[in-house]
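> next come a sequence and a model predicted from it.
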Amino acid sequence: MLIQFKVILVQNKLGQIDIINLTLENPFTKYKSKVTGTDFLTYNFASDFKEQIKSNSLILERREGNMQAMQLMLFLNELKLFSGKTNAIGEIRVISSYHAKEINPSNEELLYNWNILNKYSPVK
């Protein structure tokens, strides 16, 4: 599978690298499923019910921008640019100039979702 990125890396005032993915898609497009209870990123692996009942869940909805942010996490993992570097990454943002919209899940949300997805489908 070929995933195409248009990524900008910018050093912010804290010395971290902000990663910006440019897209023509609306980052807030929500993908509905015919299967009830699959509105979150874990839809292929488990019922979202487990995450919905957790009071501290940071699971992200299955929106275009969130899915692209997870693809960026995979891309960054493969590059191994930031492995072992604490606080090297600032924000990860998905911006659509066409729709004039932006989505930027927090790093805490991204790591939470990354770890859950990695549990179901490990990345080496």
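Cool, got the structure.

> quick check: next helix or strand after whichever strand or helix holds Phe75?
Per DSSP states H and E: Phe75 is located in helix 64-79. Per DSSP H and E, the first helix or strand lying C-terminal to helix 64-79 is strand 89-96.

> remind me what that following strand packs against, helices and strands.
With contacts taken as 3 or more CB pairs under 8 Å, 6 or more residues apart in numbering; DSSP states H and E, strand 89-96 sits against strand 17-23, helix 64-79, strand 101-103, helix 107-120. Yep, even glycine has a C-beta here, placed from its N, CA and C like the rest.

> can you do 10 Å?
In terms of contacts (3 or more CB pairs under 10 Å, 6 or more residues apart in numbering; DSSP states H and E), strand 89-96 is packed against strand 7-11, strand 17-23, helix 64-79, strand 101-103, helix 107-120.

> of all those, which lies closest to Gly90?
Ranking those by proximity to Gly90 (CB to CB) places strand 17-23 first, at 4.2 Å.

> sorry, back to before: pull the CA atoms of the helix holding Phe75 into CSV?
The C-alpha coordinates for helix 64-79 follow below in CSV (Å, rounded to 0.1, in the frame of the first residue of the first chain):
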residue,chain,number,x,y,z
GLU,A,64,-10.2,11.6,8.0
GLY,A,65,-7.8,13.8,9.9
ASN,A,66,-7.4,11.4,12.8
MET,A,67,-6.7,8.5,10.4
GLN,A,68,-4.1,10.7,8.6
ALA,A,69,-2.5,11.6,11.9
MET,A,70,-2.2,7.8,12.7
GLN,A,71,-0.6,7.3,9.2
LEU,A,72,1.9,10.1,10.1
MET,A,73,2.7,8.3,13.4
LEU,A,74,3.4,5.1,11.3
PHE,A,75,5.6,7.2,8.9
LEU,A,76,7.5,8.7,11.8
ASN,A,77,8.0,5.3,13.4
GLU,A,78,9.4,4.0,10.2
LEU,A,79,11.8,6.9,9.8
